[in-house]
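Colleague: missing the sequence, but the structure's below:
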């Protein structure tokens, strides 16, 4: 195991879909870490996983595995994060939490380094939260435009990939595609649903379909996923009263979340101005020449780090409104990459 | 051939994807027609197609085929409609045109019978236009809510099926699905695009992807499809200054257009009020109990006539705003059914 003078990073949940992407990122990026510890459930303990070109044995989650870590990165469900984040902090670590457990805690900063890196330095509970993948799909682009024009209202509809539901989502779409490919399904009422039977983890078929329901039912008909976009956008942009409406829809794409964004600003906007802002924004790639077939699609941006932005139009009815179509890899910037960026920021200030 | 005392209907473009659905509808619905003539390109003339349980020979499009028809229903491209609609009118027919050729002509009514049936009676040019499938996917539901609360602004994002591009779109998606099913594609940059090669008629892969571009590039970055939603909604609802923003996105669904709708009204709205309006609106089915997994999806509504509405929420920030998710069969209400409804209204007033 490489162990230089750098801080020790412990990754909890190293074996999942996001964990796999995270290990890839740690291997590709400039290496700021001394020891990197991989931690999983007792069930996966003892497995060997590759990171930075070395095979590392997965340790079982517990106080012993966390002891001495400088930064603990949690890629685990909310309830596991709620339990173990305070334990890691109690042992002296800074926790970067990918779950929703602490995101809305006023004593926990919610950080997107391109936008509010400074917020990561004030962490009364020793915890820094990583936003949800749907918020992260558009927040870097929207944040850049906000800096210039002042965001007034945000209305988004998502096209979310199945890997946002983890490995089960991907397996389900692949299985369903195998059953519908080569058939005439998709032309009669309910024929896809009948052919597929069980649709878990989704409440409806995902092959040859779109499912306008992601997360759990929360409040007044809104889903947890839709409220996360609202709450987290407000917190990251420090706009507690921002009007936000989100509709979250799952689509039959493996990886790559897309959002149709309707953003109203305080000041008049222009497409050329938006192009200039987006072309210079860190973490953003402008891809907007529809006459040449240039606009982002999930199939083209999967596996890449930036937020891709295209289809930039100004409203024909309101000079303060911009429309955008944004795509990003929900496992990279939408999860592992943003978490690693936060962890590196902590390490550099360590 | 059945030929009662009713008017003669001539269907031009009877052999296409919408034509096939239209023949099915004419066979299912209460029969108001005397003769039904099927007309196609010279290439398809002589083929026999089934309608009302009879085999009818396809006639080649020309003055002779149109002679004596009372209603001529055009299911053909814009340029063919522009050429032949005046010919049919000149021979004494009323034309119901499914193309975009005449939709924005101030002397041509644009009709959705549930909303503005009266408009079909004033037709200075003898032509009645049928709206685009994307407008038709939501206009019946939105129109019902408008009658009660007064529509002030409409922001929509679409999830459009490939059959909206005709048989070529369906064939392309089926071919692409056969190539991606059983593979690990969809996880690396551009891997789907490389595996598929040619993506015609779409500017990007449609399997395992979404394509934020439908129609042609029109004005200031907006597509023809997006501007149709704006222009046609204004005309059908007689709201020439309505603010409308649409983002049109193709998704890997065979049939069934969906729209995420954000609608702001002049008056305060409520979910219970919206439920009551929608439950009583002709041509609408309310399907909104997400706690029980009830919301519309294209796989469930394909092959049905109504506009299905679910996910009804009131904005948490603006009591005048409703969010809806609507689905409808783009070949039925989105094309053939609305045209047949118009033709029947003309026939009943004949």
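Modeller: Received the coordinates, thanks. Computed from a predicted structure; not experimentally measured.

Colleague: ok and the residue in the stretch 101-250 of chain A nearest chain B?
Modeller: For the stretch 101-250 of chain A, the residue closest to chain B is residue A:186, as judged by C-beta to the nearest C-beta, at 3.1 Å. All C-beta atoms are positioned from the backbone trio N, CA, C, and that covers glycine.

Colleague: Identify the residue nearest that residue in space, chain neighbours excluded?
Modeller: Excluding its sequence neighbours, the residue lying closest to residue A:186 (C-beta to C-beta, 6 or more residues apart in numbering or on different chains) is residue B:254, at 3.1 Å.

Colleague: Same question for residue A:315.
Modeller: residue A:321 (3.5 Å).

Colleague: how about the residue of the stretch 101-250 of chain A closest to chain B, what does it touch?
Modeller: A:180, A:192, A:208, B:253-255, B:299, B:302 (C-beta atoms under 8 Å, 6 or more residues apart in numbering or on different chains).

Colleague: mind redoing it with 7 Å?
Modeller: Residues near residue A:186 by C-beta atoms under 7 Å, 6 or more residues apart in numbering or on different chains: A:192, A:208, B:253-255, B:299, B:302.

Colleague: Contacts only, for residue A:192.
Modeller: A:180, A:185-186, A:205, A:207-209, B:299.

Colleague: Pretty sure residue A:16 sits against residue A:77.
Modeller: No. In this structure, residue A:16 is not within contact of residue A:77 by C-beta atoms under 7 Å, at 9.9 Å.

Colleague: out of those two, which sits in the busier spot?
Modeller: For the pair residue A:16 and residue A:77, the greater number of neighbours falls to residue A:16 (19 against 15), based on other C-beta atoms under 10 Å in any protein chain shown.

Colleague: List phi and psi for that one.
Modeller: phi -80, psi -170 (degrees, to the nearest 10).

Colleague: again, but for residue A:97
Modeller: Dihedral angles (degrees, to the nearest 10) for residue A:97: phi -110, psi 120.

Colleague: so how far is chain B from it?
Modeller: Distance of residue A:97 to chain B, given as C-beta to the nearest C-beta, to the nearest Å: 25 Å.

Colleague: Can you check what pLDDT the model gives that residue?
Modeller: What the model reports as pLDDT for residue A:97 is 98.

Colleague: Next, count neighbours for it.
Modeller: Residue A:97 has 28 neighbours, counted by other C-beta under 10 Å.

Colleague: Run a quick check on it versus residue A:130, I expect a contact.
Modeller: Yes. Counting by C-beta under 7 Å, residue A:130 is a contact partner of residue A:97 at 6.5 Å.

Colleague: Could you name every residue contacting both of these two?
Modeller: With C-beta under 7 Å, 6+ apart as the test, residue A:97 and residue A:130 reach no residue in common.

Colleague: Could you list the buried residues of the biggest helix by length in chain A?
Modeller: Across chain A, the longest stretch assigned as helix under DSSP state H is helix A:133-149. For helix A:133-149, a neighbour-count test (16 or more other C-beta atoms under 10 Å in any protein chain shown) marks A:133-146, A:149 as buried.

Colleague: and if you look at stretch A:51-62?
Modeller: A:51, A:56, A:58-59, A:61.

Colleague: Contacting chain B as well, which ones from the residues you listed?
Modeller: Residues of those in contact with chain B (C-beta under 7 Å from any C-beta of the partner chain): none.

Colleague: From those, pick the one nearest chain B.
Modeller: residue A:51 (18.9 Å).

Colleague: from memory that closest one sits against residue A:28, does it?
Modeller: No. Using C-beta under 7 Å, residue A:51 is not in contact with residue A:28, being 10.7 Å away.

Colleague: Just want the residue of the stretch 251-350 of chain A that's nearest chain B.
Modeller: Closest point on the stretch 251-350 of chain A to chain B, by C-beta to the nearest C-beta, is residue A:254, at 3.1 Å.

Colleague: sec struct for that residue, please.
Modeller: Of the three states, residue A:254 takes coil under DSSP: H, G, I helix; E, B strand; the rest coil.

Colleague: residues contacting it?
Modeller: A:161-163, A:170, A:173, B:186-187, B:208.

Colleague: pLDDT and distance to residue B:349 for those residues - can I get that in TSV?
Modeller: Listed next are the contacts of residue A:254 as TSV, based on pLDDT from 0 to 100; distance: C-beta to C-beta, whole Å:
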residue	pLDDT	distance to residue B:349
A:161	98	51
A:162	98	51
A:163	96	55
A:170	96	56
A:173	97	50
B:186	93	53
B:187	92	58
B:208	97	49
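
Colleague: what about residue A:242, neighbour count?
Modeller: What residue A:242 shows, counting by other C-beta under 10 Å, is a neighbour count of 17.
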